[in-house]
Every structure is written in C-alpha cells, then in structure tokens.
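Q: sequence first, then the predicted structure, then my questions.
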Number of protein chains: 2
Amino acid sequence: MAGEELTNRVKQLRFENDRMTQQQLAEQVGVTRQTIITIEANRYSPSLKLAFRIARAFAVSIDDVFQSSLPSADPATEKHGKNK
Amino acid sequence: MAGEELTNRVKQLRFENDRMTQQQLAEQVGVTRQTIITIEANRYSPSLKLAFRIARAFAVSIDDVFQSSLPSADPATEKHGKNK
DNA sequence: ACGTGATGTAAGAAATATATTACATTGCGG
DNA sequence: CCGCAATGTAATATATTTCTTACATCACGT
C-alpha cells in the first residue's frame, strides 16, 4: 500500500475546537497520544476506523479532516476503464 | 483499535458500476483480490488510503462506501465533552 | 460433460499501524 | 528561577492489514 500521500488538518481542527489537546483527542477517540502525534506529523495514515472517530470528534466528515493528494481521476480513466 | 463496526457497500457498488469484478477493482485500487474479498466480507476494515482509493474508483465519497455504526454523538458528549 | 471466469477459504509471511515506556524541549505562571 | 503542561522523539513490542500461494465451488456457455 505505498501510494498517494494523505494530508490532514487534525492539528488545525484541534485548535479550532476549543484548543483541544493531543491528550484529550487521544482519549476521546481511544488511542494513545503517540498515535495522534504520528498522524499529525503524517508519518503514517490511520486506519479507517480511527479516521471515522477523529472526524466524529470534530463533528465533521472524513473529507474535512483528511485529503487525498491524487488528482480526481481524469475522464478517460474513470469507471474502471472498462468502457472504451 | 477494537471498537465500532464498519459496514460497507463495496460489493453493491461493484454491481452498480457496470458489474465490476473483484479482480478489476483490486487492480484499479492497487491491491490484491484477497484484500477486496476480506473487506467485502467485513473481516477487517481497510486503511484510510485504501478507503480513499475505493471511493474514488466508484467516483463517490468515503461515506458513500463505508458507514460507521456509532450513533452520531449525542449533544451532551459532543465537542470532546470539555464544556460541562 | 467439460472448460473457464468469478467468487470464496485458508495459512503463513510481510508490511504497516498502534501501544508502551522513557526522556527532551518549549512556553508559561508563579 | 522553578514547576508544570503540552508537544515532540525514539526504541521496542504488539496488533492489524495486506500479500502470496494454493485450492474449492458455483454458474455459464459450448
């Protein structure tokens, strides 16, 4: 699963959300502070489960927290290229 | 990371998308067929990266493919419970 | 009946995410 | 200056995901 990069706005969202601390977020989503740190530092991307929990902690959708860097599939390649 | 269950509509989306086969989807998102199978069978939840790729393969958003079973945070517990 | 494509299962190896522990740094209130 | 909270780093252990390989079944066309 090497591939595109995912960026995230976790750190920013913490600040916007009442200056939530890493520790608080970690507790709320049920992981350790280290996990939050490494995600914020973008050293690896979280599991989908964790992504959902983080998004919910901020009451936003996953796409508001994480962004995929990939260009959104050019017309020629869409729909798994089966047609034409 | 044990926790809530995630359901998904991958199988259904394959059919809706021109009866895409597991193999085709696997190739398009860059994993093996086994990975698709286990995700469809809900034996584990994918990485966020893979979730993004799958969603893009169907040209929908992550939330259209995967659903978290957790109730959407009751008003009392929202905002990381810091206020009251 | 036979071949083939699509789906499914299983076991073990490999990769990646998460936990645990311990310590360093920085900023701030006293 | 001192203490403390918040952030960060690193090393190692554990858990979970993904790959590889091999084989089974089921439906379909011929």
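A: In hand now; what should we look at?

Q: and the contacts of the helix or strand harbouring residue A:23?
A: Assigned by DSSP states H and E, residue A:23 belongs to helix A:22-29. By C-beta atoms under 8 Å, 6 or more residues apart in numbering or on different chains, the list of residues contacting helix A:22-29 from outside reads A:10, A:14, A:32-33, A:35-37, A:40, A:50, A:53-54, A:57, B:80-82. Bear in mind the C-beta positions are built from the backbone N, C-alpha and C, glycine included.

Q: let's see that with 10 Å instead.
A: Here helix A:22-29 makes contact (C-beta atoms under 10 Å, 6 or more residues apart in numbering or on different chains) with A:10-11, A:13-14, A:17-18, A:20-21, A:31-37, A:39-40, A:46, A:49-58, B:1, B:3, B:73, B:77, B:79-82.

Q: A helix includes residue A:7, no?
A: No: using DSSP: H, G, I helix; E, B strand; the rest coil, the assignment for residue A:7 is strand, not a helix.

Q: my read: it touches residue A:42, true?
A: Yes: with contact defined as C-beta atoms under 10 Å, residue A:7 counts as touching residue A:42 (6.8 Å).

Q: identify the bridge partners of the most centrally placed residue in chain A.
A: Note on chain A: the residue nearest the mean C-alpha position is residue A:66, at 3.3 Å, using C-alpha atoms, centre = their mean. For residue A:66, the beta-bridge partners are residue A:8 (DSSP bridges).

Q: the helices in chain A, which residues?
A: Assigned by DSSP state H, chain A shows helices spanning A:10-16, A:22-29, A:33-40, A:48-57, A:62-65.

Q: and those helices, which is most packed in?
A: Per-stretch averages of neighbours, counted by mean count of other C-beta atoms under 10 Å in any protein chain shown, single out helix A:48-57 among these, with a mean of 24.
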